[in-house]
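>>> can't give you the sequence, but here's the structure:
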């Protein structure tokens, strides 16, 4: 029985037609029993089944509901986690299904006439171009190659960047004018980052992407899709221009984006995301406790600090103004990712708060919704508001 209906559909998962989500992860514990021996003996003689153990999750009903309400009926995904522990507090994927009626709905859900892919957990399995959220990696590689002079970079943006036969436009042709690197990042200037990309060592950029878990197994026990990054030494101009601004062949899941963000918030150390808090017997006695576990360092503490400062400027001076508030400080990055000519962009926001001592990381993608700053950032804002008002 799923009393919350579709609210936890993808995180809790289902247990008929195979097992997904927590139903798969926790199956062993749910089928084990730690009732006291006397009760077990009595049950054995009377042919009664022992009551299985209970699993307590890290999920927060309040934040899950807030994230669900904020996303509304739009397609996409939301991840909310603690950067310093890896606890997943909310995980939403839309469109969803109702696990209570899964048996009756199954044939339709898997049929060719259904194009909604409700069974796909978009938060861990949905692959999207990262758009401008990828500029976090582009700027990190530039910082690595120019550790002492990166703040001296400037660019003059007239809305369209031309390179040979190719042109790169800023979002809606915005003209940013004279930009420092910090301003170009805050304003998400495509021209500046396309120009920057051509200065980078493509092989080193590929290595950085793999350090940040592209093309790699993720430290995640849920079913997931691998992020992909293809640019390497010898890439042509168009691939470099596109890849530098998070377009081209690069793909990422919301969970992977959340992991990179959480690592920045946590001084460069990635904590393994997890959903299981503890296991208790039917009498409420603790059987097993799941503890936070490091998945290693994605970057140095100095690099994480530099990126945090840059992401703070996105909110105070740039495209992330929708999460700007006096109540708490946010660091983040917006993105508007093109995926098909003539279709509206996917809207991204990824960030954490408070910026100076992060307690919560939030990643949002809304499919074909346009501007990350205008659509995805307000969803994150509602989650931060709820969390910090409690």
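Yes, it's here. This structure is a prediction, so every number in the text was calculated from the model and none was measured.

>>> what about the residue of the chain most remote from its centre, which helix or strand?
Among residues of the chain, the one most distant from the C-alpha centroid is residue 45; the distance is 50.8 Å, by CA atoms, centre = their mean. Using DSSP states H and E, residue 45 sits in helix 37-46.

>>> got it, and residue 270?
Taking DSSP H and E as the criterion, residue 270 maps to strand 269-271.

>>> just the strands in the stretch 101-250 of the chain please.
Secondary structure of the stretch 101-250 of the chain by DSSP state E, counting those that start in this stretch: the strands cover 154-157, 160-163, 166-169, 177-180.

>>> show me what the lengthiest helix in the chain is packed up against.
Determined from DSSP state H, the single longest helix within the chain is helix 301-317. If you count contacts as 3 or more CB pairs under 8 Å, 6 or more residues apart in numbering; DSSP states H and E, helix 301-317 packs onto helix 135-145, helix 181-186, helix 254-265, strand 331-337, strand 346-353. Using the backbone N, CA and C atoms, a C-beta is placed for each residue, glycine as well.

>>> give me every residue that touches residue 327.
Residues in contact with residue 327 (CB atoms under 8 Å, 6 or more residues apart in numbering) are 385, 388, 389.

>>> how many residues are close by the second one?
In other words, residue 388. By the measure other CB atoms under 10 Å, the count of residues near residue 388 is 14.

>>> residues in contact with it?
Applying CB under 8 Å, 6+ apart, the residues near residue 388 are 327, 328, 353.

>>> roughly how far does the last one sit from residue 241?
If you measure residue 353 against residue 241 using CB to CB, to the nearest Å, the figure is 33 Å.

>>> also the second one?
In this structure, residue 328 and residue 241 are 37 Å apart, going by CB to CB.

>>> between those two, who's got more neighbours?
residue 241 (25 against 17).

>>> to what extent is the closest residue to residue 66 other than its chain neighbours buried, counted in neighbours?
The shortest distance from residue 66 to any residue other than its chain neighbours is 4.4 Å, reached at residue 386 (CB to CB, 6 or more residues apart in numbering). Per other CB under 10 Å, the neighbour tally for residue 386 reads 19.

>>> now residue 21: closest residue in space, sequence neighbours ignored.
Counting by CB to CB, 6+ apart, residue 21 lies nearest to residue 13, which is 2.3 Å off, once chain neighbours are set aside.

>>> picking that back up, so after the strand holding residue 270, what's the next helix or strand?
Next helix or strand after strand 269-271 toward the C-terminus (DSSP H and E): strand 276-280.

>>> what is the neighbour count of the residue nearest to residue 21?
Residue 13 has 22 neighbouring residues, counting by other CB under 10 Å.

>>> need the contact list for it.
So residue 13 contacts 19, 20, 21, 22, 23, 24, 99 (CB under 8 Å, 6+ apart).

>>> following the helix or strand the fifth one falls within, which helix or strand comes up?
Same thing as residue 23. Counting by DSSP H and E, the element that carries residue 23 is helix 21-25. Next helix or strand after helix 21-25 toward the C-terminus (DSSP H and E): helix 27-30.

>>> related to what we said a few turns ago, any idea how far the strand holding residue 270 is from the chain center?
The chain centre lies 14 Å from the centre of strand 269-271; the measure is CA atoms, centre = their mean, to the nearest Å.

>>> how about residues contacting that strand?
With CB under 8 Å, 6+ apart, strand 269-271 has contacts from 82-86, 219, 259, 262-263, 292-298.

>>> how does it look with 6 Å?
Identification of contacts with strand 269-271 by CB atoms under 6 Å, 6 or more residues apart in numbering yields 85, 86, 259, 263, 292, 294, 295, 297, 298.

>>> same check, this time on stretch 298-313
With CB under 6 Å, 6+ apart as the test, stretch 298-313 has contacts from 143, 182, 185-186, 212, 263-264, 267-268, 270, 331-333, 355.

>>> how about those in TSV, adding neighbour count and pLDDT?
Converted to TSV, these look like this (neighbours: other CB atoms under 10 Å; pLDDT from 0 to 100):
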residue	neighbour count	pLDDT
143	19	98
182	19	98
185	27	98
186	25	98
212	21	98
263	24	98
264	30	98
267	18	98
268	18	98
270	23	98
331	28	98
332	34	98
333	36	98
355	19	98
